[in-house]
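*Asks:* take a look and give me a structure for this.
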Amino acid sequence: MSDIKVQNGHKGQNRMSYVNVGALDISGDLDFPTKSALKELFRTHPELVVLYTTSALEPTKEYKSHELVIGVKYSVTGPNPYNNRKWYATVEKLPSGKITVK
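*Replies:* Numbering: from 1, shown residues only. Sure thing, here's the model as predicted:
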């Protein structure tokens with residue numbers, strides 16, 4: 001995946017993959033007003049959350065909850081990564097399949 005960047009750690013540290021994204025509630029094509037709202041929808045209806053890449057250099061790629069890659073940290077800026085950066089979150093899919101929002 002060309003939009004997943006690998007950041008090399010210092011000697012002895014693990015590598016970390018991350019993707020900078022925005023998040024939408026596709027039930028109404030809405031931005032999430034708070035990190036709590038994003039966390040709650042992932043908990044109750046993860047199929048309604050879409051993360052989308054924000055790179056100006058590459059085409060936008062969308063990730064539905066079942067498409068998230070284990071071990072990749074999705075760095076969310078919200079409510080809107082382009083014009084309203086009030087909160088930040090990290091979304092990660094665990095090996096168990098559970099999705100965390102921190």
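*Asks:* from here on, just use CA atoms for contacts and neighbour counts.
*Replies:* OK.
*Asks:* quick check, central residue of this protein?
*Replies:* residue 74 (3.4 Å; C-alpha atoms, centre = their mean).
*Asks:* wait, it touches residue 23, no?
*Replies:* No: using C-alpha atoms under 8 Å, residue 74 is not in contact with residue 23, being 10.0 Å away.
*Asks:* now the residue nearest to the centre of the chain: how far from residue 100?
*Replies:* 10 Å (C-alpha to C-alpha, to the nearest Å).
*Asks:* between the two, what contacts are shared?
*Replies:* By C-alpha atoms under 8 Å, 6 or more residues apart in numbering, residue 74 and residue 100 have these common neighbours: 90-92.
*Asks:* let's have the residues you listed in CSV, adding distance to residue 45 and secondary structure.
*Replies:* Compiled in CSV, these are given as follows (distance: C-alpha to C-alpha, whole Å; DSSP: H, G, I helix; E, B strand; the rest coil):
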residue, distance to residue 45, secondary structure
90, 18, strand
91, 15, strand
92, 16, strand
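*Asks:* neighbour-wise, which of these leads?
*Replies:* Using other C-alpha atoms under 10 Å as the neighbour criterion, residue 91 leads the shared contacts of residue 74 and residue 100 with 23 neighbours.
*Asks:* contacting residues around that one?
*Replies:* Taking C-alpha under 8 Å, 6+ apart, we find residue 91 in contact with 73-76, 99-102.
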